[in-house]
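> here is a sequence together with a model predicted from it:
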Amino acid sequence: MEGKVPTMLGLDEDAWAAPDVVVLPLPYELTTSYGQGTADGPMACLEASAQVELHDVVLEEDLPAGLTFRTERPWSSEAGNLLEQLDDLEGYVRPWAAGDVFPLALGGEHGILPPVLAAMRDHPALEGDLSRLTVVQIDAHADLRSELDGEVWSHACAAARALDLGVGRLIQLGIRAHSLEEEQRIRDDDRIETHFARNLMSPCGGAAAWARLIASLNAIEGPVHLTIDIDGLDGTLVPATGTPVPGGLTFWHAFEAIDAVFGAAKATVVSADVNEICRQEGSPLTQFTAAMLATKVIGAHVNARREGRWTASCSSTPGPRPSAPRNTFSWWN
């Protein structure tokens with residue numbers, strides 16, 4: 001991609017300073033099944049982020065709050081097929097999985113999740129073993145299909161493929177669009193804990209269901225990856241996302257969930273992504289909402305650092321980092 005890449009929050013960045021937080025634009029869109037436009041999502045989000053207020057009320061100061069941010073140039077690939085592109089995605093993310101920096105990926109369709117998690121196997125907290133990892137998924141869709149239209153790497157299969165890679169636990173919230181196959185897997189796979197939107201947002205029992213969810217998030221132990229499909233929010237807040245669905249989380253529900261994940265006393269959020277972002281024409285609402293969520297994730301990470309729930313695992317390496325293909329996906333059976 002040519003030209004200057006907008007930085008997260010419009011901040012001035014030193015390309016040679018060792019970063020504390022790295023933002024990774026992943027304009028990947030190969031398996032979307034309804035609306036299009038997620039390939040432009042990361043740039044739309046970054047552009048909108050320049051209009052987000054820097055003040056974080058939890059931190060009681062402005063971002064970057066003494067830390068160094070870096071916005072990487074967007075991922076790109078000349079690979080000739082989907083599996084090779086997934087390998088390229090993994091290779092792009094892997095240099096930032098060393099434990100010395102917090103990586104936040106911006107998508108792109110939700111198909112980015114498996115390669116991001118494959119890259120995070122190198123994190124010192126995981127030591128190559130994804131069974132140690134809890135994935136928290138904010139989403140309208142369960143993404144647990146075995147395939148969609150014959151494609152096992154469809155964005156509708158992202159959570160299923162994450163579990164197939166060996167992820168130890170999956171906590172889902174906001175789910176309200178799923179198939180019978182997915183409902184059966186939720187019942188049968190004891191690694192999956194799903195909090196349906198119909199319960200969380202119920203006019204009668206919603207408060208109690210939400211309290212149970214927050215208690216579950218607070219009780220997480222060990223390394224965590226947070227994946228936020230923005231269609232987990234109600235469709236009125238993100239009308240331009242690939243598959244907007246009514247009946248979803250409010251903006252403040254999403255914020256409280258993010259705080260609960262990062263605030264879990266025995267957990268460490270090692271990475272995160274915000275995905276299924278599309279550029280909304282005629283209004284910046286969708287991309288601005290995505291930028292607000294990404295900013296909240298960063299602020300929650302900064303607060304976790306301050307409170308001792310995240311510490312760098314190794315020395316930072318300034319400047320560009322090399323990557324090498326692992327071919328996780330090219331050899332997938």
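On my side now, so go ahead.
> longest helix in this structure, please.
Identified as the longest helix of the chain according to DSSP state H is helix 285-306.
> so which bits of that one are buried?
Using 16 or more other C-beta atoms under 10 Å as the test for burial, helix 285-306 gives 286-305. All C-beta spots, glycine's among them, are computed from the backbone N, C-alpha and C.
> and the nearest residue to residue 64 once chain neighbours are set aside, what pLDDT?
Distance criterion C-beta to C-beta, 6 or more residues apart in numbering; nearest residue to residue 64, sequence neighbours excluded, is residue 11 at 6.2 Å. With respect to pLDDT, residue 11 has a value of 97.
> wait, residue 11 touches residue 69, no?
Yes - counting by C-beta atoms under 8 Å, residue 69 is a contact partner of residue 11 at 5.8 Å.
> so who does residue 113 touch?
135, 143, 158, 159, 161, 162, 227, 273, 275 (C-beta atoms under 8 Å, 6 or more residues apart in numbering).
> who's in contact with the fourth one?
In this case it means residue 159. When contacts are counted by C-beta under 8 Å, 6+ apart, residue 159 touches 113, 135, 137, 139, 142, 143, 144, 170, 172.
> still on that earlier bit, so how far is residue 46 from the residue nearest to residue 64?
11 Å (C-beta to C-beta, to the nearest Å).
> higher neighbour count, these two?
For the pair residue 11 and residue 46, the greater number of neighbours falls to residue 46 (25 against 15), based on other C-beta atoms under 10 Å.
> what's the nearest residue to the more buried one if we skip its chain neighbours?
Closest residue to residue 46 apart from its sequence neighbours, by C-beta to C-beta, 6+ apart: residue 6 at 4.2 Å.
> that neighbour: neighbouring residues, count only.
Neighbour count of residue 6, defined by other C-beta under 10 Å: 18.
> where does it land in three-state SS?
Secondary structure, DSSP: H, G, I helix; E, B strand; the rest coil: residue 6 is coil.
> related to what we said a few turns ago, buried ones among the contacts of residue 159?
For the contacts of residue 159, a neighbour count by 16+ other C-beta under 10 Å gives the buried set as 113, 135, 137, 139, 142, 143, 144, 170, 172.
> of all those, which comes closest to residue 220?
Nearest to residue 220, judged by C-beta to C-beta, of these is residue 135 at 10.4 Å.
> touching, the closest one and residue 162? I think so.
Yes - counting by C-beta under 8 Å, residue 135 touches residue 162, with 5.9 Å between them.
> if I look at those two, which residues touch both of them?
By C-beta under 8 Å, 6+ apart, the residues touching both residue 135 and residue 162 are 113, 117, 170.
> and which of those is nearest to residue 126?
Looking across these and measuring by C-beta to C-beta, the closest to residue 126 is residue 117, at 9.6 Å.
> the closest residue to the closest one other than its chain neighbours: how many residues sit nearby?
Nearest residue to residue 117 in three dimensions, chain neighbours excluded: residue 162, at 5.5 Å (C-beta to C-beta, 6+ apart). Other residues lying near residue 162 total 24 when counted by other C-beta under 10 Å.
> is residue 162 within a helix or a strand, and which one?
Using DSSP states H and E, residue 162 sits in helix 158-164.
> and the next helix or strand past that helix?
Using DSSP H and E, the helix or strand that follows helix 158-164 in sequence is strand 169-175.
> partner strands of that following strand and their direction?
Strand partners for strand 169-175, identified by DSSP bridges, are recorded as strand 134-138 (parallel), strand 192-196 (parallel).
> can you redo those as TSV, where the extra columns are mean pLDDT and distance to residue 238?
Converted to TSV, the strands paired with strand 169-175 look like this (pLDDT from 0 to 100; distance: least, C-beta to C-beta, whole Å):
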stretch	mean pLDDT	distance to residue 238
strand 134-138	98	12
strand 192-196	98	19
